[in-house]
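S.K.: My questions concern the predicted model and sequence given below.
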Amino acid sequence: MKDTLLDKATNQGGYLTLQELPQGEFFKKKHSSKKVWVKEEYYRPEKKYQCGDFEDIGNAIYLHGSTMVFVDFEF
């Protein structure tokens, strides 16, 4: 992830909107979450971003681009 995005996340408590996050980056839905997700492509029929579970490739969720996700963690 670019340093400018990390700086912005640090200023916002470790959170970015899903739309700002580059494709293929890891995130958590909340700071206290144990599950790690990967941002995938924008899914037009749902009008949301598809996000895959890092540990289970068959598990996916669809989130709006305005959803705040936690990115300031070590994985």
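M.R.: Right, received. Where do you want to start? Since the structure is predicted, the reported quantities are computational estimates derived from the model, not experimental observations. Residues are numbered from 1 along each chain as shown.

S.K.: who's in contact with the nearest residue in space to Phe75 that is not next to it in sequence?
M.R.: Nearest-residue entry for Phe75: Phe26, 5.5 Å, with adjacent residues in sequence omitted and distances by CB to CB, 6 or more residues apart in numbering. All C-beta atoms are positioned from the backbone trio N, CA, C, and that covers glycine. The contact partners of Phe26, by CB atoms under 8 Å, 6 or more residues apart in numbering, come to 36-38, 54, 71, 75.

S.K.: Lowest average confidence across helices and strands of the chain, where is it?
M.R.: Comparing every helix and strand of the chain by mean pLDDT, DSSP states H and E singles out helix 3-11 as the least confident one, with a mean of 86.

S.K.: do you know how far the residue in the chain sticking out farthest from the centre is from Ile57?
M.R.: In the chain, Pro45 marks the outermost C-alpha relative to the chain mean, sitting 19.7 Å out by CA atoms, centre = their mean. Using CB to CB, to the nearest Å, Pro45 is found at 21 Å from Ile57.

S.K.: Okay then, goodbye and thanks.
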